[in-house]
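> Provided below for reference: sequence and predicted model.
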Amino acid sequence: MTGLALSHFTAAFLFAVFASVVFGITQREGMRDQVRYGAYCFAMFIGGVIAAGWVMWVIRH
Amino acid sequence: MATSRSKSATAELERSSPQPLTAMAVVAPAVGWLIPGAGHLAQKRWIRGLLLMVCIVAMYILGLAMNGHVYQPNSGEVLDILGFIGDVGAGGLYIVSRAMDYGQGMIQHATADYGTKFIIVAGLLNFIAAVDAYHIAIGKKK
């Protein structure tokens, strides 16, 4: 059984979405701050994934 | 201006002072651990509770769907014990998946390893959500 086969980016994207929502709700108070912090976490997750991807590309070439 | 500042300072002082332990302060984190998001729902935080439930349950189920590994408590390996601590945070989801014998296959591809991490992180996020439900119950957070 192979199971669900997501691409690396899709898996990282979904991870970032779910973790950011939970971080936003639990780490801040007030709707506005929660949304802003969730968006910040999401940007950091995705930015980190893209940056790490480029670092690996540079190392390989 | 000065009055509103003193009001907010008073509210902050009230929230930082020790609160009496209520039944909800015990029930909310326990229910929140067993059913992700239920600790918030029990305190009528409907949107937050539903969002937490959807995110944590979806993450756990995606992990299982990717053939992620569900750790057992008595393997003896340190990393496996840490994995178990993460997994057990998912509460009822972990109990059901152990009862149904899900997540016991061999990891044969990269996304299955991602699945294992999804399951662990879903459990850890649920720990955070349960603590948040406790903070709401004791009045430390609105």
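Arrived safely, thanks for sending. This structure is a prediction, so every number in the text was calculated from the model and none was measured.
> which bits of chain A sit near chain B?
Neighbours of chain B within chain A, by Cβ under 8 Å from any Cβ of the partner chain: A:1-6, A:8, A:11, A:14-15, A:17-19, A:21-23, A:25-26, A:29-30. In short, each C-beta sits where N, CA and C put it, glycine included.
> quick one: low-confidence parts of chain A?
Along chain A, segments meeting pLDDT under 70 span A:1-2.
> mind listing what the residue positioned nearest the centre of it touches?
With distances taken as Cα atoms, centre = their mean, A:Ala16 lies nearest the centre of chain A, 2.5 Å away. Taking Cβ atoms under 8 Å, 6 or more residues apart in numbering or on different chains as the contact definition, A:Ala16 lies against A:Cys41, A:Phe42, A:Phe45, A:Ile46, A:Val49.
> okay, the second one and chain B: tell me how far apart.
Which is A:Phe42. 12 Å (Cβ to the nearest Cβ, to the nearest Å).
> pretty sure that residue contacts A:Val17?
Yes - with contact defined as Cβ atoms under 8 Å, A:Phe42 reaches A:Val17; the gap is 6.8 Å.
> can the lengthiest helix in chain B be found next to chain A?
Longest helix in chain B, counting residues (DSSP state H): helix B:110-137. Yes - interface with chain A: helix B:110-137 contributes B:110-112, B:114-115, B:117-118, B:121-122, B:125, B:128-129, B:131-132 (Cβ under 8 Å from any Cβ).
> just checking, what packs against that helix?
Judged by 3 or more Cβ pairs under 8 Å, 6 or more residues apart in numbering or on different chains; DSSP states H and E, helix B:110-137 is in contact with helix A:8-27, helix B:23-34, helix B:38-41, helix B:46-65, helix B:78-88.
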